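> give me a model of this one.
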Amino acid sequence: MQLLAVGIAAMVAISLMVTVVNWLIAHWWVLAAAALVLLLGALGWWQHRSQRAQWQQAQARALRYGLAQLDALSHRQFEHAIRDLMHRDGCTDAAQVGGQGDLGADVKATDPYGRRWVIQCKHRRNGSQGAAVGTPDLQVLNGTGRPVHKADVVVLVTNGRITQPGRTFAQQQRLHLVDRQVLAQWAAGSRPLWELLGAVPPPRQPTTRS
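Next comes the predicted model:
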């Protein structure tokens, strides 16, 4: 009985398919109209996607922050702002990775020259009046930036102050510092961060921008 039922169902399905095919052959214009609608829909979707991508790129290029805006952010929002600035500079893979167990990395990115960046963010709600970033913070970053995260460029960014011993340690260990003054120039301008920092490693790969 089961085989009979399966056979009948198969015959009905085949008959239905033949009927549909014959109908479509007789009414070929239906297929043509459906194909045209699908084509127009696909073109419209692609155009919308392209326009949206262009708008997002334009918005990214126009991204600017003032110090007052940055001071008002939470620490996590500050990390997101730094990520967005790196993305503005052409680091398409820029990502906020800060959190518990981040091992000193709050933002990671690869610049257009193939260099890998690891950035630690130290936000001070009171700006220059907040606690200064010192050597202990930089020691953590130095211990993980290259050995753990495999960074070419290791950076500490703060909207506050950095102690002189911290600056000396950073210079000795080839760490890059973005203090309040450099941050203001970077965030409110249009130059990428690597143009504002000295002694950045050479490009990993040839590019039209190198």
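> just the element for residue 170, please.
Element membership for residue 170 (DSSP states H and E) is helix 164-172.
> the domain parsing of the chain - what is it?
2-61, 67-196 (automatic domain parsing).
> coming back round to it: what's the helix holding residue 170 packed up against?
Applying 3 or more Cβ pairs under 8 Å, 6 or more residues apart in numbering; DSSP states H and E, we find helix 164-172 packed against helix 135-145, strand 176-178. Bear in mind the C-beta positions are built from the backbone N, C-alpha and C, glycine included.
> got the contact list for it?
When contacts are defined by Cβ atoms under 8 Å, 6 or more residues apart in numbering, helix 164-172 is touched by residues 132-135, 137-139, 142, 156, 162, 175-177.
> now, which of those residues sits nearest residue 91?
Residue 91 has its nearest neighbour among the contacts of helix 164-172 in residue 176, at 14.9 Å by Cβ to Cβ.
> how many neighbours does the closest one have?
Neighbourhood size, residue 176 [other Cβ atoms under 10 Å]: 22.
> can you show me the strands along this structure?
95-96, 107-110, 116-122, 153-158, 176-178 (DSSP state E).
> closest to residue 78 out of those?
strand 116-122 (5.5 Å).
> what strands line up against that closest one, and which way round?
Looking at strand 116-122 with DSSP bridges, its partner strands are strand 107-110 (antiparallel), strand 153-158 (parallel).
> other residues contacting it?
Outside strand 116-122, the residues within contact range by Cβ under 8 Å, 6+ apart are 75, 78-79, 82, 86, 91, 98, 104-111, 133, 137, 140-141, 144-145, 149-158, 160.
> can we see that at 6 Å?
Defining contact as Cβ atoms under 6 Å, 6 or more residues apart in numbering, one finds that strand 116-122 is touched by 78-79, 82, 104-110, 133, 141, 145, 149, 151-158.
> just stretch 64-71 next, same as before
So stretch 64-71 is contacted by 127, 159, 184, 187-188 (Cβ under 6 Å, 6+ apart).
> now list the buried members of those.
Burial by neighbour count, 16 or more other Cβ atoms under 10 Å: within those this picks out 127, 159, 184, 187.
> mind listing what's buried along stretch 146-157?
Counting neighbours by 16+ other Cβ under 10 Å, stretch 146-157 gives 146, 149, 151-157 as buried.
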